[in-house]
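Novice: Provided below for reference: sequence and predicted model.
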Amino acid sequence: MTRWNDGTDRVEAVSPDITDETNALPAEYFTDPNAYEMEKEKIFSRYWVYAGHANCIPETGDFFTRTVGDKQIIVLRDNENDVRAFYNVCAHRGSKIVEDTPMTEPGSMSRIQCPYHLWTYDLDGDLSTTPKSFEEASLNPDLADEEVAKLDDDGNSLLEVSTDRIGPLVFVNFDTDPMPFEEQAGKMATELESLPLGDYQHAARFVSEVECNWKTFGGNYSECDHCQANHQDWIEGIQLDESELEVNDYHWVLHYTHEEDVDDELRIHDEHEAKFYYLWPNFTVNMYGTADGYGTYIIDPIDESRFQLIADYFFETSEMTREELEFVRTSRQLQEEDFELVERQYEGLKSGALAQAQLGPNEHTLHKFHRLAQEAYNA
Amino acid sequence: MTDRERASFTAICPDCNERKGTETPNEILGFYRRHRNLTGHDIEWEFVDHESIPTSAANEGLKAIVLELDETFDNGVPLALVTAAMGEQGYSIGETMAELRELRMTGHVWEPKDDHVSAF
């Protein structure tokens, strides 16, 4: 039963049983500024979140930055050809080290040098050199040079953030003792790793700002009951009644079967379907049925009432063909249609009339999403 | 016409056509910073509805613009309005921000509060 805000305040936690009345996340978690403050710590600092694509930093020293909540990291390729991530914070006095550097325009450096006092780190994060002024006490009359201890390279290294990968997709976890990545990525990792994701190059990025809570869009992505009424162009050639919604521990997959006339050659994977993976909390991998490529979405919150959709597209080469451009245009149209829907939904949520929504029996992917949020809040 | 197009302040990314409309001018700066952070793209003003913005292409310098606008505000000019005024002369937001940094670093312009500027 839908619970209106009629002054009775009867909201409850999300029930594990989808047939229960309280099967949705209470509306306040979508609109309360304190909820996003809590999510920064309880969700975005504890679960694995997508950082970016390793193909964008192919050479030693290539790097980009990624901001998650209040935290910013440098994602770089080290001398061993591994991709690592460090807080963009100098061990000396906390200065931000490198400028904001998008994955689409990566930087390159032989060593990591803070511009403030020139503390310099190797690409593995270890402190490499400091200026002479940190080795002698010429300005301090209370200290002799020989009393100055040499800075310990390991003890003053950059603060590293745990990383793991699905092929070229790099994930980070800010927890000091993170859950194993395999636990969160599950069979999604196994399935995607069997595909040649690394053979495809980044071709396009579109960033859109949308006026709603990030979970509103995440929920919209996780079901397609709205597609018939709202995505007329996209559903052409798709048999919605043959869709399958697969729910796993921390991810869910929407399978869509295509009609017979779709060219089987035009896709990265062999199966006769499109697959859309949602990995908790805010990342999707879009395996299209009608294009030889794939896409990713990052649903990045700005605050409780705004998010950025970062849509990346990967094709055989970074130069898109006319067909690929047309495909991306259609994808953008789909996004804009969804933005209207979720902004409209959010206007309703912001009115405060709804206390707790009611999910339908086929919105079990959405139910999973809401339950994961509730579990994170309660942890 | 969408809500975004009706907004008093509208800016656009010429590279990917992403548009932001708002009623608060400095929110455009937030959009510029977030978009640049993720794409490296610059942003241009598309529409400004504010009485203090001169619409004639007088080709004034940046410092003159800040001084002129500063007469209208008590505690500094919202930075976005400075970029909007420069936008009337064909400057992108990124170009204005770069020039403004030069003025600040040489002591001609200061920030009485965050994202508000005054000139000496």
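Specialist: Sure thing, it's come through. Numbers count the residues shown, from 1 in each chain, chains lettered A, B, ... in the order given.
Novice: give me the element the closest residue to residue A:323 other than its chain neighbours is part of.
Specialist: Closest residue to residue A:323 apart from its sequence neighbours, by Cβ to Cβ, 6 or more residues apart in numbering or on different chains: residue A:291 at 7.9 Å. C-beta coordinates here come from the backbone N, C-alpha and C atoms, glycine included. Counting by DSSP states H and E, no helix or strand carries residue A:291.
Novice: OK, contacts around residue A:291?
Specialist: Counting by Cβ atoms under 8 Å, 6 or more residues apart in numbering or on different chains, residue A:291 touches A:266-267, A:315, A:323-324, A:327.
Novice: quick one: which of those residues has the most company?
Specialist: Of all the contacts of residue A:291, residue A:315 has the most neighbours under the rule other Cβ atoms under 10 Å in any protein chain shown, reaching 24 neighbours.
Novice: could you give the bridge partners of it?
Specialist: Counting by DSSP bridges, residue A:315 is bridged to residue A:201, residue A:293.
Novice: so which residue of chain B comes closest to chain A?
Specialist: residue B:40 (3.8 Å; Cβ to the nearest Cβ).
Novice: okay, that residue and residue A:106: tell me how far apart.
Specialist: For residue B:40, the distance to residue A:106 (Cβ to Cβ, to the nearest Å) stands at 10 Å.
Novice: same question for residue A:136.
Specialist: 37 Å.
Novice: got a pLDDT number for the residue of the stretch 1-150 of chain A found nearest chain B?
Specialist: Nearest residue of the stretch 1-150 of chain A to chain B, counting by Cβ to the nearest Cβ: residue A:105, 3.8 Å away. Listed pLDDT for residue A:105 reads 97.
Novice: would you say it is within a helix?
Specialist: No: assessed with DSSP: H, G, I helix; E, B strand; the rest coil, residue A:105 is coil; it does not lie in a helix.
Novice: which element follows the lowest-mean-pLDDT helix or strand in chain B toward the C-terminus?
Specialist: Among the helical and strand segments of chain B, the one scoring lowest on mean pLDDT, DSSP states H and E is helix B:3-6, with a mean of 54. Next helix or strand after helix B:3-6 toward the C-terminus (DSSP H and E): strand B:9-12.
Novice: and that next one, which strands flank it?
Specialist: strand B:19-22 (antiparallel), strand B:44-48 (antiparallel).
Novice: check which helix or strand covers residue B:82.
Specialist: Using DSSP H and E, residue B:82 falls in helix B:79-87.
Novice: how about the residues of chain B near chain A?
Specialist: Counting by Cβ under 8 Å from any Cβ of the partner chain, chain B comes close to chain A at B:16, B:18, B:20, B:31, B:34-40.
Novice: helices - which of those residues land there?
Specialist: Secondary structure assignment by DSSP state H places B:31, B:34-39 of those in helices.
Novice: just put those in a markdown table and tack on distance to residue B:67.
Specialist: Shown next, in a markdown table, are these (distance: Cβ to Cβ, whole Å):
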| residue | distance to residue B:67 |
| --- | --- |
| B:31 | 26 |
| B:34 | 30 |
| B:35 | 29 |
| B:36 | 27 |
| B:37 | 31 |
| B:38 | 34 |
| B:39 | 33 |
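Novice: circling back: show me what contacts the nearest residue to the residue of the stretch 1-150 of chain A closest to chain B once chain neighbours are set aside?
Specialist: Residue nearest to residue A:105 in three dimensions, not counting chain neighbours: residue B:40, with 3.8 Å by Cβ to Cβ, 6+ apart. By Cβ under 8 Å, 6+ apart, residue B:40 lies in contact with A:102, A:104-105.
Novice: same check on residue A:196?
Specialist: For residue A:196, the contact set (Cβ under 8 Å, 6+ apart) comprises residue A:268.
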